[in-house]
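K.L.:
Need coordinates for the below:
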Amino acid sequence: MFIARFITGLRVVGAILAGASGLGWPTFLFYNATGAIVWAIAVGTAGYLLAHSWDTLERLTGGIGLAAFAIFVLLVALGVNRARWRPREP
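P.N.:
Have a look, this model is predicted:
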């Protein structure tokens, strides 16, 4: 949940994935709140420091988030594929 805050797209479905995986409410709340606080501080600081180059900031954060989301989708696809083709024990 903590890392999901920093990845475009995963932030939206992170809560659903956490619930589906059986993550307990107190653990979810801790990591989600901590991630939100760190994300807000990081984005706020980046915005403050790069205020004169907003276009550069937008380009950097959008590209990094999109790349991280693509890696996540690839890992999920590989996991599903591996589970599908793994021989089952009789």
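K.L.:
remind me, longest helix of this protein?
P.N.:
Determined from DSSP state H, the single longest helix within the chain is helix 54-85.
K.L.:
what packs against it?
P.N.:
helix 10-20, helix 25-49 (3 or more CB pairs under 8 Å, 6 or more residues apart in numbering; DSSP states H and E). No exception for glycine: its C-beta is placed from N, CA and C like everyone else's.
K.L.:
could you give the angle of that helix to helix 10-20?
P.N.:
30 degrees (axes from the mean of the first three to the mean of the last three CA atoms, to 10 degrees).
K.L.:
circling back: quick one: closest of the helices and strands packed on helix 54-85 to residue 81.
P.N.:
Closest to residue 81 of those, according to CB to CB: helix 10-20, at 18.1 Å.
K.L.:
Can you mark which positions in that closest one are buried?
P.N.:
10, 11, 14, 18 (16 or more other CB atoms under 10 Å).
K.L.:
From these, pick the one nearest residue 58.
P.N.:
residue 11 (16.9 Å).
K.L.:
okay but that closest one is in contact with residue 4, surely?
P.N.:
Yes - using CB atoms under 8 Å, residue 11 is in contact with residue 4, at 5.4 Å.
K.L.:
For this structure, give me the ranges with low pLDDT.
P.N.:
54, 57, 61-62, 86-90 (pLDDT under 70).
K.L.:
Compute the distance between residue 76 and residue 82, please.
P.N.:
Residue 76 sits at a distance of 11 Å from residue 82 (criterion: CB to CB, to the nearest Å).
K.L.:
same deal with residue 19?
P.N.:
Computed as CB to CB, the residue 19 to residue 82 distance reads 23 Å.
K.L.:
for residue 67, same thing?
P.N.:
Distance, residue 67 to residue 82, by CB to CB: 23 Å.
K.L.:
just residue 55 next, same as before
P.N.:
From residue 55 to residue 82 the distance is 41 Å (CB to CB).
K.L.:
Can you give me the neighbour number for the spatially closest residue to residue 65 that is not a sequence neighbour?
P.N.:
Nearest non-adjacent residue to residue 65, counting by CB to CB, 6 or more residues apart in numbering: residue 8, 3.2 Å away. Using other CB atoms under 10 Å, residue 8 has 17 neighbouring residues.
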